[in-house]
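*Asks:* Make a model of this:
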Amino acid sequence: MRKTHHLAQIIIDEYLHVGDTAIDATIKAGDVTRFLASRVGDGGHVLSFSDQKNEIDDMAASLFLSGLTARVEPIEKNFTQIINYLDPNEPIAVILFQIDTQIDAGSLVQTIRQLQLYLRNHGLIVLDGHTNDEAMVTVAAYAQTLSAETYSVQQFNDLLSNEAALLIQRN
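*Replies:* Residues are numbered from 1 along each chain as shown. Now for the predicted structure:
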């Protein structure tokens, strides 16, 4: 059976196209940035955020080895600063957050609220984490308040490992 983040990647593959703009909001190991960069093609663009220099360095090395460096703009800032790097004329296809216990749930919801304005039609906000992470629970509660006419929300949970993926899609 597929892990929840693999299910999320399958859905991302359906909506992320060559030439699109995507955001890796929390670089971590850089695998998400590499995944997004491989999907947007040479004409696409990925913004990758981390306030940890070592995460940016690890991601840069991984991108270099994969030949994807030109597609990615690494930004040494926390995800709460994403809004400062967006162009209102360039809608975002996918925004992906890797959730862990270090992420402030309130800041995450506030950032997601701002980012919703930049999502294109059928654009996705994806959270990859664990069912019981405070940030995952808080965003899931927020997502339940969204208009069903404007957004679709799905959550995948692995009942044994507690891994979870939450997807918010603009209709």
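
*Asks:* what's the helix or strand for Thr138?
*Replies:* Per DSSP states H and E: Thr138 is located in helix 134-143.

*Asks:* Can you name the residues in contact with that helix?
*Replies:* Helix 134-143 has contacts (C-beta atoms under 8 Å, 6 or more residues apart in numbering) with 99, 101, 103-106, 108-109, 112-113, 127, 129-131, 151, 153, 155, 164, 166, 168. Quick note: C-beta positions are derived from backbone N, CA and C, even for glycine.

*Asks:* top helix in the protein by residue count?
*Replies:* Ordering each helix of the chain by length in residues (DSSP state H) puts helix 53-66 first.

*Asks:* Any buried residues in that one, and which?
*Replies:* Residues Glu55, Ile56, Asp58, Met59, Ala60, Ser62, Leu63 are the ones in helix 53-66 that count as buried (16 or more other C-beta atoms under 10 Å).

*Asks:* got it, and stretch 28-46?
*Replies:* Across stretch 28-46, burial judged by 16+ other C-beta under 10 Å covers 28, 30, 32-40, 44-46.

*Asks:* what sits up against it?
*Replies:* Counting by C-beta under 8 Å, 6+ apart, 9, 12-13, 16-24, 27, 48, 50, 55, 58-60, 62-63, 66, 68, 70-73, 93-94, 96, 98, 100, 128 sit against stretch 28-46.

*Asks:* Those residues in helices, which ones?
*Replies:* Among these, the ones falling in helices (DSSP H) are Gln9, Ile12, Asp13, Glu55, Asp58, Met59, Ala60, Ser62, Leu63, Ser66.

*Asks:* so which of those residues comes closest to Tyr118?
*Replies:* Using C-beta to C-beta, Ile12 comes nearest to Tyr118 of those, at 16.8 Å.

*Asks:* hang on, the closest one packs against Gly123?
*Replies:* No. Using C-beta atoms under 8 Å, Ile12 is not in contact with Gly123; the gap is 10.7 Å.
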